[in-house]
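Chemist: Got a sequence here, can you build the structure:
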Amino acid sequence: MENDPIAARLGAAYPDLPPGERAVVRVLLDDYPFAALGSLRSLAERAGVSPPTASRLFDRLGYGGFAAFQTAVRDGARDRSRLLEFVTRSTPAPATSPPGSVPGAELSTAPASDGPPDDRGPGRHEAPETGSPNGRDAGQGEAAGDGSPFRSDAHRGGSAAGGPSGGGRVEGTPAHPVADSGATGAGAVSVLWQAAEELRAGLDGTLAAIPESLCHKVAELLAGARAVWALGGPLSELAAEYLIRQLASLRPAAHRVPGSAPGRARTVLDLGASDVVVAYDFRRYSPDTARFVHAARARGARLVLVTDAWGSPLAAEAEVLIRLPREAAGPIAPLANEIAVTELLLVATAARLDPVRRLADLDALTQTL
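Modeler: Below is the predicted model:
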């Protein structure tokens, strides 16, 4: 946040603002940029002021309203690198290699995104927010942090929705020998441990943010559809592939969306209201995914969207919307959280389908082919 021009602008204006608008700025800076992603009403409630008071702040700052301010925050976030932020906040590694390391070996990370190839780069999963940034409630299919059956008692109040984010050790987790021996994170081992902690917190936060009712809603669609089609961006297509590989064992007519334009056109041609499209779409959002989804929705197909809290352009099209929480962030946009959500959906779907006979037949055929 130190180098964010919008945050700097808020901080510079703070001393000259009226008390109510100062309260709004404090909320924004304390939880930046996530506090800016919700509705104006929710922001005003958090600041303890009225919506008109909150709205006056953005007019005073020259944004022409809250919607324009949100757009500026989102546009700025697309240019930030999650990997760069992770590296710059870590203490530089010492000149000598840590014990047990291979001389000359280096950590290599390759961040990916769901944007077009010429715009591909770090930045996906920029610490999205748990809850409903766009104001939709869980009853409309929004992933919510309350009432999740997947959150254990040990995690309540920890890295679950609404708790502290990023890297804090979950209560009861065995301590890392390097971290607890007085090391300050200066070596490569500490960097790896920090990444591992963020992955652990991400998984905990993701599971805590998916209520059982949401899983059952998706399972109802996946089990009852005439056909299920899944797609994703350059990285999240791996989650779509995993969904279809597993779902095809549970029910017929589970397909990956073809990659070519002619193949996609033939797919859309036969889509209807009894078909379901599952799209994985994360910053930077894939225009190819958007084009297919718009065409499928025009044919009446129903959409399940797995995305982040930044607000995929496809969010308004979704019948069921699953937003991954901010703890799903990691230094290299980990796929583990998307796979974890997918597995929950598959478990719920399998419970509806009772696929014992199909799986037995599949095993028998596998042995003979």
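
Chemist: who touches the closest residue to Gly64 other than its chain neighbours in this structure?
Modeler: If the residues on either side of it in the chain are set aside, Gly64 comes closest to Phe58, at 7.5 Å by C-beta to C-beta, 6 or more residues apart in numbering. Every residue, glycine included, has its C-beta placed from N, CA and C. By C-beta atoms under 8 Å, 6 or more residues apart in numbering, the contact list for Phe58 reads Gly64, Gly65, Phe66, Ala68, Phe69.

Chemist: is it fair to say Ala23 lies in a helix?
Modeler: Yes - per DSSP: H, G, I helix; E, B strand; the rest coil, Ala23 lies within a helix segment.

Chemist: Going forward, the N-terminal residue is numbered 50.
Modeler: Noted, 50 is the first residue going forward, which turns the last one into Ala72.

Chemist: For it, grab the count of nearby residues.
Modeler: 19 (other C-beta atoms under 10 Å).

Chemist: quick one: it and Gly97 touch, right?
Modeler: Yes - look at Ala72 against Gly97 with C-beta atoms under 8 Å: they come within range, at 6.0 Å.

Chemist: Report the separation between the residue nearest to Gly113 and Ala61.
Modeler: 15 Å (C-beta to C-beta, to the nearest Å).

Chemist: Of the contacts of Phe107 - the most surrounded one?
Modeler: Phe118 (22 neighbours).

Chemist: Test for you: state the pLDDT assigned to it.
Modeler: Listed pLDDT for Phe118 reads 94.

Chemist: same thing with Ala347?
Modeler: The predicted local confidence for Ala347 is 98.

Chemist: Tell me the first helix or strand C-terminal of the longest helix anywhere in the chain.
Modeler: If you go by DSSP state H, the chain has its longest helix at helix 237-257. Following helix 237-257 in sequence order, the next helix or strand is helix 261-273 (DSSP states H and E).

Chemist: Mind telling me what element Ala322 is part of?
Modeler: Under the assignment here (DSSP H and E), Ala322 is part of no helix and no strand.

Chemist: Not counting its neighbours along the chain, what's nearest it?
Modeler: Gly349 (3.9 Å).

Chemist: Show the contacting residues for the one you found.
Modeler: Applying C-beta under 8 Å, 6+ apart, the residues near Gly349 are Leu320, Gly321, Ala322, Asp324.

Chemist: What separation do you get for Ala257 and Arg95?
Modeler: From Ala257 over to Arg95 (counting by C-beta to C-beta), the distance is 21 Å.

Chemist: what does Ala250 give?
Modeler: Counting by C-beta to C-beta - Ala250 and Arg95 are separated by 23 Å.

Chemist: what's the answer for Phe341, then?
Modeler: Per C-beta to C-beta, Phe341 is found 37 Å from Arg95.

Chemist: Could I get the full set of strands for the protein?
Modeler: Assigned by DSSP state E, the chain shows strands spanning 276-281, 303-305, 324-329, 351-356, 369-372.

Chemist: from the ones you listed, which stretch is densest packed?
Modeler: strand 324-329 (a mean of 27; mean count of other C-beta atoms under 10 Å).

Chemist: which of Phe341 and Arg95 has more neighbours?
Modeler: Using other C-beta under 10 Å, the more surrounded residue of Phe341 and Arg95 is Phe341, with 23 against 18.

Chemist: wait, what's in contact with the more buried one?
Modeler: Contacts of Phe341 by C-beta under 8 Å, 6+ apart are Leu280, Val306, Arg313, Val317, Val326, Ala328.

Chemist: if we go to 7 Å?
Modeler: Leu280, Val306, Arg313 (C-beta atoms under 7 Å, 6 or more residues apart in numbering).

Chemist: Which pLDDT does the model give it?
Modeler: In this model, Phe341 carries a pLDDT of 98.

Chemist: separation between it and Phe331?
Modeler: Counting by C-beta to C-beta - Phe341 and Phe331 are separated by 16 Å.

Chemist: repeat for Ile371
Modeler: For Ile371 relative to Phe331 (C-beta to C-beta), the value is 12 Å.

Chemist: Same check on Arg109?
Modeler: Counting by C-beta to C-beta, the gap from Arg109 to Phe331 is 34 Å.

Chemist: and these two? which has more neighbours close in?
Modeler: Phe331 (30 against 13).

Chemist: per-residue confidence at the more buried one?
Modeler: At Phe331, pLDDT is 90.
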